[in-house]
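Trainee: output the structure for:
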Amino acid sequence: MARYTGPKSKIARKFKEPIFGPDKALEKKNYPPGQHGLSKKRAKQSEYCIQLMEKQKAKYTYGILEKQFARTFDKAARSHGITGEVLLQLIESRLDNVVYRLGIAPTRRAARQIVSHAHINVNGNVVNIASYTLKPGDVVSVREKSQTLEVIAASVSAAANKHAWLEFDRTSMSGKFISRPERSQIPENIKEQLIVELYSK
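Mentor: Numbers count the residues shown, from 1 in each chain. Have a look, this model is predicted:
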């Protein structure tokens with residue numbers, strides 16, 4: 001499946017936020033890329049443009065493609081609760097995101113690769129689908145033969161689980177998906193209401 005593999009700093013500068021983590025290029029050039037990056041003519045944006053940018057930011061942050069994102073939104077719209085919050089909860093429940101949140105992988109991109117290479121178990125069974133949606137109570141663990149992989153071992157040793165909706169045991173390299181996170185527990189700076197307004201047009 002196609003994924004964005006271009007320069008991360010260019011995307012971060014586009015949204016003026018370090019959506020892929022700390023970025024020195026963004027700190028030096030906190031304006032959009034291109035020869036017109038500093039132009040004042042760019043300052044005014046339409047309502048649609050602002051909403052579209054917010055959706056694009058969410059997609060790049062979580063590494064989700066357009067069709068997948070649209071399907072997730074449709075599922076959120078049909079669920080009980082506030083659509084925008086449910087959307088973020090569903091995205092946060094993806095296996096690749098939980099692997100990243102638990103500290104098994106240093107980035108979401110690395111988490112997707114670890115999952116797709118069959119290094120992760122869910123409730124004792126191998127799951128290699130990054131978009132797999134976890135349910136409360138599911139146990140995510142690193143396969144025994146994969147626990148010595150350098151990228152996983154280094155990430156786990158450096159990680160500090162600070163998410164109340166997840167539990168993680170470094171010794172066994174396994175974690176529990178306790179519940180879907182509340183909106184206040186999701187640290188990403190995403191204005192989900194703008195995304196709802198975009199899809200409601």
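Trainee: helices and strands of this protein: which one has the lowest mean pLDDT?
Mentor: In the chain, no helix or strand scores lower on mean pLDDT, DSSP states H and E than helix 24-28, which sits at a mean of 56.
Trainee: next helix or strand past it?
Mentor: Using DSSP states H and E, the next helix or strand after helix 24-28 towards the C-terminus is helix 47-62.
Trainee: what angle do the following helix or strand past that next one and helix 47-62 make?
Mentor: Counting by DSSP H and E, the next helix or strand C-terminal to helix 47-62 is helix 66-77. For helix 66-77 against helix 47-62, the angle by axes from the mean of the first three to the mean of the last three CA atoms, to 10 degrees is 100 degrees.
Trainee: buried set for helix 66-77?
Mentor: 68-69, 72-73, 76 (16 or more other CB atoms under 10 Å). Every residue, glycine included, has its C-beta placed from N, CA and C.
Trainee: doesn't Asn121 fall inside a strand?
Mentor: Yes - counting by DSSP: H, G, I helix; E, B strand; the rest coil, Asn121 is located in a strand.
Trainee: burial count for it?
Mentor: 18 (other CB atoms under 10 Å).
Trainee: contacting residues for it?
Mentor: 127, 139-143 (CB atoms under 8 Å, 6 or more residues apart in numbering).
Trainee: over to Glu85?
Mentor: 183, 192.
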